[in-house]
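Undergrad: Give me a model of this one.
(2 chains)
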Amino acid sequence: MTALHVLTLTLVVVGAALAAWFKDLLASVIALAGASLLLSLEFYLLQAPDVAIAEAGIGAALTAAIYILAIRKTRPKEEE
Amino acid sequence: MSVIVRTISRVVAPVALAFGAYVIMHGHLTPGGGFQGGAVVASVVALLVVAFESGRWKKWKDVLLPLEDLGAMAFTILAFLGLGATFFRNILAGGGGLFGAPVPQLGPNPGALNTAGTLPLMNWAVGLKVIAGLGSVVILLSLFGREDG
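TA: Numbering: from 1, shown residues only, chains lettered A, B, ... in the order given. Next up, the predicted model:
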């Protein structure tokens, strides 16, 4: 059980690092949504399904949609 | 967006919509409630707004903004209904009428939908407000600014 927690939290950190590392902003947003989805899995493993549903709805779906709408109206690449 | 995104959206949207309605409807029995189910349904709205062109969503804004007021009004009226005893008094619970059935002896289970009095109605009110609020946020964001740059 502890190994599953460690694996999930490591993947959350990897997703967050990828979100900061990508130059393509759309890939960055998708990495952030993946990290958020894994965070909601971690909430479920910690027996808080209530928070997990809210995190999956808000963190993974709505935040990604708002970022994608913002990227669509601006430049899709990060400035060097 | 591309045809792949649009096809996947057509498949996922009804399933996610049904799951959100389930979470709101069983808010008094299972994990989740008005806010969580409303967030799931609002994410369906966000998915559709992102996947399909933004022009056709302009008229939905005029539908969603009154719905948000309706949700807040319904919640407040349901709270004021119990004012004979106290604010938020659950007047329907245990009364035998709508949502007034007694809780089963073994404790609540997901099948005991007709219990808990005004709580399911308040869950629907909160869910309506969250759907309309978050949905109109996404739709308004897709309307402003320059088009596909």
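Undergrad: Distance of the closest residue in space to B:M1 that isn't next to it in sequence relative to A:I68?
TA: In space, and not counting its chain neighbours, B:M1 is closest to B:A51: 5.1 Å by C-beta to C-beta, 6 or more residues apart in numbering or on different chains. (C-beta placed from N, C-alpha, C; glycine too.) Separation of B:A51 from A:I68 (C-beta to C-beta, to the nearest Å): 10 Å.
Undergrad: Flag every residue of chain B that's near chain A.
TA: Residues of chain B lying close to chain A (C-beta under 8 Å from any C-beta of the partner chain) are B:23, B:31-33, B:35-37, B:39-40, B:42-43, B:46-47, B:49-50, B:134, B:137-138, B:141-142, B:145-149.
Undergrad: Now the buried members of those residues.
TA: Buried residues within the residues of chain B next to chain A, counting neighbours by 16 or more other C-beta atoms under 10 Å in any protein chain shown: B:23, B:31-33, B:35-37, B:39-40, B:42-43, B:46-47, B:49-50, B:134, B:137-138, B:141-142.
Undergrad: pLDDT weak spots in the chain?
TA: Since no chain was named, I'll use chain A. For chain A, the stretches flagged by pLDDT under 70 are A:76-80.
Undergrad: hmm, I had chain B in mind actually
TA: The model of chain B has pLDDT under 70 over residues B:54-55, B:94-97, B:107-108, B:110, B:145-149.
Undergrad: can you give me the helices in it?
TA: For chain B, the helices defined by DSSP state H occupy B:3-25, B:34-51, B:58-80, B:118-143.
Undergrad: Next: chain A.
TA: Under the criterion DSSP H, chain A contains helices at A:2-21, A:25-45, A:49-54, A:63-72.
Undergrad: just how off-centre is the shortest one within its chain?
TA: When C-alpha coordinates are averaged (C-alpha atoms, centre = their mean, to the nearest Å), helix A:49-54 and its chain have centres 15 Å apart.
Undergrad: Do any residues in that helix lie close to chain B?
TA: Yes: applying C-beta under 8 Å from any C-beta, one finds helix A:49-54 in contact with chain B at A:49-50, A:53-54.
Undergrad: which parts of that helix are buried?
TA: For helix A:49-54, the neighbour count (16+ other C-beta under 10 Å) marks A:50-54 as buried.
Undergrad: Which one of these is nearest to B:V5?
TA: A:I53 (24.0 Å; C-beta to C-beta).
Undergrad: Hmm, B:I24 and that closest one touching each other?
TA: No: with contact defined as C-beta atoms under 8 Å, A:I53 does not count as touching B:I24 (11.0 Å).
Undergrad: between those two, what contacts are shared?
TA: Common neighbours of A:I53 and B:I24 are listed as B:32, B:37 (criterion: C-beta atoms under 8 Å, 6 or more residues apart in numbering or on different chains).
Undergrad: Chain neighbours aside, what residue packs nearest to A:Y44?
TA: A:A52 (4.2 Å).
Undergrad: contacting residues for the one you found?
TA: A:40-41, A:43-44.
Undergrad: Pick the one among these closest to chain B.
TA: Of all the contacts of A:A52, A:Y44 has the smallest distance to chain B: 9.6 Å, by C-beta to the nearest C-beta.
Undergrad: Tell me which residues touch the residue positioned nearest the centre of chain B, please.
TA: Geometric centre of chain B, nearest residue: B:G127, 2.7 Å, by C-alpha atoms, centre = their mean. Shown in contact with B:G127 (C-beta under 8 Å, 6+ apart): B:24, B:27, B:33-35, B:37-38, B:41, B:71.
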